[in-house]
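Asker: sequence below, structure please.
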Amino acid sequence: QVQLVESGGGSVQAGGSLRLSCAASGSTFSNYAMGWFRQAPGKDRNYVTIISASGGSTYYAGSVKGRFTISRDNAKNTVYLQMNSLKPEDTAIYYCAANTRFPRYAGSSYDYWGQGTQVTVSS
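Answerer: Below you'll find the model as predicted:
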């Protein structure tokens, strides 16, 4: 079992930056690949980025590539999402998720989820 808690969301103007954190507990964090997903109002939850258990491999959705960076600190049991050059269309609830397989882009492949953190980008 893995418990995940996101933090760092908030409101920012377009062009600004935020860094999300996801703290894990309950199991060996370094055994799990991690992902960030987001869900905008009235839309499905979508993949944003994933990182392998070691942190050596990452993938990004096209809409965020070059603006967002995923990283992890296995000593701190935490995965991060640095979001730069934010756009109003990035407004969503952001979720972190864990699973033992990599790469996996579908949310249905993930076994554990956080509660989400709201990111709002105003124009």
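Asker: ok, and what's touching the host helix or strand of residue 96?
Answerer: Assigning secondary structure by DSSP states H and E places residue 96 in strand 92-99. Residues outside strand 92-99 that contact it (C-beta atoms under 8 Å, 6 or more residues apart in numbering): 2, 4, 6, 9, 20, 22, 24, 32-41, 43, 45, 48, 79, 81, 107, 109-119. For the C-beta atoms, the positions are set from N, CA and C on the backbone; glycine is no exception.
Asker: so, low pLDDT: which residues of the protein?
Answerer: Flagging of the chain using pLDDT under 70 yields an empty set of residue ranges.
Asker: quick check, central residue of it?
Answerer: The centre of the chain sits closest to residue 36, judged by C-alpha atoms, centre = their mean, with a distance of 2.3 Å.
Asker: quick one: contacts for the nearest residue to that residue once chain neighbours are set aside?
Answerer: Counting by C-beta to C-beta, 6 or more residues apart in numbering, the nearest residue to residue 36 once its immediate chain neighbours are dropped is residue 48, at 4.4 Å. For residue 48, the contact set (C-beta under 8 Å, 6+ apart) comprises 35-38, 60-61, 64, 68, 81, 94.
Asker: by neighbours, which of the residues you listed wins?
Answerer: residue 35 (28 neighbours; other C-beta atoms under 10 Å).
Asker: report the beta-bridge partners for that residue.
Answerer: With DSSP bridges applied, the residues forming beta bridges to residue 35 are residue 50, residue 97.
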